[in-house]
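[1] I would like to see how this sequence folds:
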Amino acid sequence: MFSSIFLKLLSIQSFGKPRSIAMSSDCTPLFDLLTPDLINDILVRLPVKSLLCCKSVSKSWLSLISDPNFIKSHLKHSITKPGADQVIFATERGTSMSLLRLDSCEIGATLGDISSVHYFETAGSCNGIVCFWFSAFGTGIPCTYLWNPATKQAKMIPPIDYDDVIIVIMGFGFDPLGDDYKVVVLINSFSRDWTIELYSAKTNVWRTVEQNLEDDPNGGLFDACVNGFVCCISYRTESDNMLAFDLNKEVLTCIKLPEGYSPIRITDFNLFKLDDEACLRDSGVEASWTKMLTVDVGHRIESVFGHFSSGDFLLCTAEYGWVLYNSDKNEARNVPVSLDYRRILKYNESLVSITGFEHVNFDAREDVSSSEFQIGSTSSSSMMMPEDTLFDY
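    Next up is the predicted model:
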């Protein structure tokens, strides 16, 4: 509530109305009563759109909101605020990307037009940064971007050689130890077995990670980024495993999934917690899991997308399509659109920027065949699941 009052005072100051409107009882301007610490505590709670406007208030506010420490504090508040989770999605045969507001189960802002893109797929979302790739009609050349939908900034990362490729599996996440955003790609081709390619946003280059894969990944992307690890499920004849790539040490580890895990569901699914991260950092340590709960929704489940801070699970059911199910309340709400599981991301807005970011207007009606970000570019010069959790899906 105080933040909304603060914004009203800000609008009075910003649009040149008499300062007497914003006076205290002793005729002192209210803004003069706000200490720097109090201003920081208020601003860190505001949405990104409001903060971008606040940059124009003064040089000191511009400096504060642009400060890396403030951006980290704002991100932490955004991630930990109950109910702040949103979903970025594109519908089946969709022509745009939009936000799904979990609090109201309503469709929010449209973020971008993808109607002119031949193929579009998301690779992950982390700290408000989204990684996606697409190929334009008539080119067949895949382009990969890092994008902040809230600040409308993005960059295209250097292309990678996809010749002779059978399968490409992509993941995106944040390396907290190296303070770096990275894209990892597992490539299987006709001429060679699996190889690992890694992109660093800090260096803006790809390099090959020398490691042999002992397991075959499943699907087309890593499912989650947790504490500096991107993870995906792999399926073998004798057992099911999880592959975890350490973004800092740049090592891929295979760990055994918990007893009782099954990719086959009828009306229920399980939520497991990994007891210790040691098994992710050292392949010699055996994984230990604890079953947190079993959820039975009473209808056949096609897929489980994720769990959110509101307590909701995003599910696809055979009978009702996509629903938000709250296990605590035993309530389900219908999602008003049919989602494409390859184009769904858990998302929290942020001010985070990456070197090379430029302001963009995500409008795919423009020519997207060039090497520059031509989705309406107006140049100015990534399913995280909760920590250490695994869904039985």
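[2] tell me the secondary structure for the residue nearest to Thr80 when sequence neighbours are not counted?
    Across the structure, with C-beta to C-beta, 6 or more residues apart in numbering as the measure, the residue nearest Thr80 apart from its sequence neighbours is Ser309 (7.8 Å). For the C-beta atoms, the positions are set from N, CA and C on the backbone; glycine is no exception. Taken by DSSP: H, G, I helix; E, B strand; the rest coil, the conformation at Ser309 corresponds to coil.
[3] how much space between Ser309 and Asp85?
    Taken as C-beta to C-beta, to the nearest Å, the spacing of Ser309 relative to Asp85 amounts to 5 Å.
[4] So which of the two has more stuff around it?
    Using other C-beta atoms under 10 Å, the more surrounded residue of Ser309 and Asp85 is Asp85, with 23 against 16.
[5] and the more buried one, what pLDDT?
    What the model reports as pLDDT for Asp85 is 76.
[6] Look up how far Lys256 lies from the nearest residue to it once chain neighbours are set aside.
    Once flanking residues are discounted, Asp85 sits nearest to Phe308: 4.2 Å by C-beta to C-beta, 6+ apart. According to C-beta to C-beta, Phe308 stands 27 Å off from Lys256.
[7] And the two? Which one has more around it.
    When neighbours are counted by other C-beta under 10 Å, Phe308 and Lys256 differ, and Phe308 comes out ahead with 21 against 15.
[8] what about the strands in the stretch 251-393 of the chain?
    Defined through DSSP state E, counting those that start in this stretch, the strands belonging to the stretch 251-393 of the chain, from first to last, are 251-256, 268-274, 289-296, 301-307, 312-317, 321-326, 331-334, 339-347, 358-359, 389-391.
[9] most packed of the ones you listed?
    Across the strands of the stretch 251-393 of the chain, the average number of neighbours (mean count of other C-beta atoms under 10 Å) peaks for strand 312-317, which reaches a mean of 22.
[10] what's the spacing between stretch 179-191 and its chain's center?
    Per C-alpha atoms, centre = their mean, to the nearest Å, the displacement of stretch 179-191 from the mean C-alpha position of its chain is 18 Å.
[11] what do you get for stretch 168-179?
    11 Å.
[12] Contacts only, for the residue nearest to Asp85.
    When contacts are counted by C-beta atoms under 8 Å, 6 or more residues apart in numbering, Phe308 touches 85, 102, 314, 346.
[13] Now render the residues you listed as CSV, adding distance to Ser56.
    Written out in CSV, the entries for those read as follows (distance: C-beta to C-beta, whole Å):
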residue, distance to Ser56
Asp85, 29
Leu102, 31
Leu314, 37
Lys346, 31
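[14] Val335 versus Ile344, what's the distance?
    Remark: distance between Ile344 and Val335 (C-beta to C-beta) = 10 Å.
[15] who touches both of these two?
    Taking C-beta under 8 Å, 6+ apart as the criterion, Ile344 and Val335 both touch Leu314.
[16] ok so, going back, tell me how far the residue nearest to Thr80 lies from Leu274.
    Between Ser309 and Leu274 the distance is 19 Å, computed by C-beta to C-beta.
[17] His77 now?
    Counting by C-beta to C-beta, the gap from His77 to Leu274 is 26 Å.
[18] where does the stretch 101-250 of the chain have low pLDDT?
    Applying pLDDT under 70 to the stretch 101-250 of the chain flags the ranges 109, 112-119, 135-141, 162, 165-166, 214-221, 235-239.
[19] try 80
    Counting by pLDDT under 80, the stretch 101-250 of the chain shows low-confidence ranges at 101-121, 133-142, 161-168, 188-193, 212-221, 223, 233-240.
[20] Where do the helices of it begin and end?
    Defined through DSSP state H, counting those that start in this stretch, the helices belonging to the stretch 101-250 of the chain form an empty list.
[21] Strands of that one, residue ranges please.
    Using DSSP E, counting those that start in this stretch, the strands of the stretch 101-250 of the chain run over residues 106-113, 117-126, 129-136, 142-148, 153-156, 165-175, 180-189, 195-200, 205-209, 224-226, 229-235, 240-246.
[22] who wins for proximity to Ile42 among those strands?
    Put simply, out of the strands of the stretch 101-250 of the chain the one that sits nearest Ile42 is strand 142-148, at 22.7 Å, with distance taken as C-beta to C-beta.
[23] List the buried residues of that closest one.
    With burial defined by 16 or more other C-beta atoms under 10 Å, the residues of strand 142-148 counted as buried are 142-148.
[24] Can you measure across stretch 58-72, start residue to end residue?
    End-to-end distance for stretch 58-72: 21 Å, by C-alpha to C-alpha, to the nearest Å.
[25] Excluding chain neighbours, what is closest to Met170?
    With C-beta to C-beta, 6+ apart as the measure, Ala123 is the residue that lies nearest to Met170, at 4.2 Å, once sequence neighbours are left out.
[26] Tell me how far the one you found lies from Thr144.
    Using C-beta to C-beta, we find Ala123 at a distance of 7 Å from Thr144.
[27] and if you look at Cys225?
    As it turns out, when the distance is counted by C-beta to C-beta, Cys225 lies 16 Å from Thr144.
[28] Equivalent analysis for Ala150, please.
    Distance of Ala150 to Thr144, computed by C-beta to C-beta: 20 Å.
[29] and the nearest residue to Lys249 once chain neighbours are set aside, what is it in contact with?
    By the measure of C-beta to C-beta, 6+ apart, the closest residue to Lys249 outside its immediate chain neighbours is Arg281, 7.3 Å from it. By C-beta under 8 Å, 6+ apart, the contact set of Arg281 is 246, 249, 253.
[30] same deal with Ala123?
    Contacts of Ala123 were listed using C-beta under 8 Å, 6+ apart, and they are 131-133, 144, 170-172, 183, 221-222, 382.
[31] Nearest to Ile65 among those residues?
    Lowest distance from Ile65 to the contacts of Ala123 (C-beta to C-beta) belongs to Ser382, with 23.1 Å.
[32] isn't Leu339 right up against Leu315?
    No: taking contacts as C-beta atoms under 8 Å, Leu339 lies outside contact range of Leu315: 10.7 Å.
[33] Find the residues that touch each one of the two.
    Taking C-beta under 8 Å, 6+ apart as the contact definition, Leu339 and Leu315 share the neighbouring residues Trp322.
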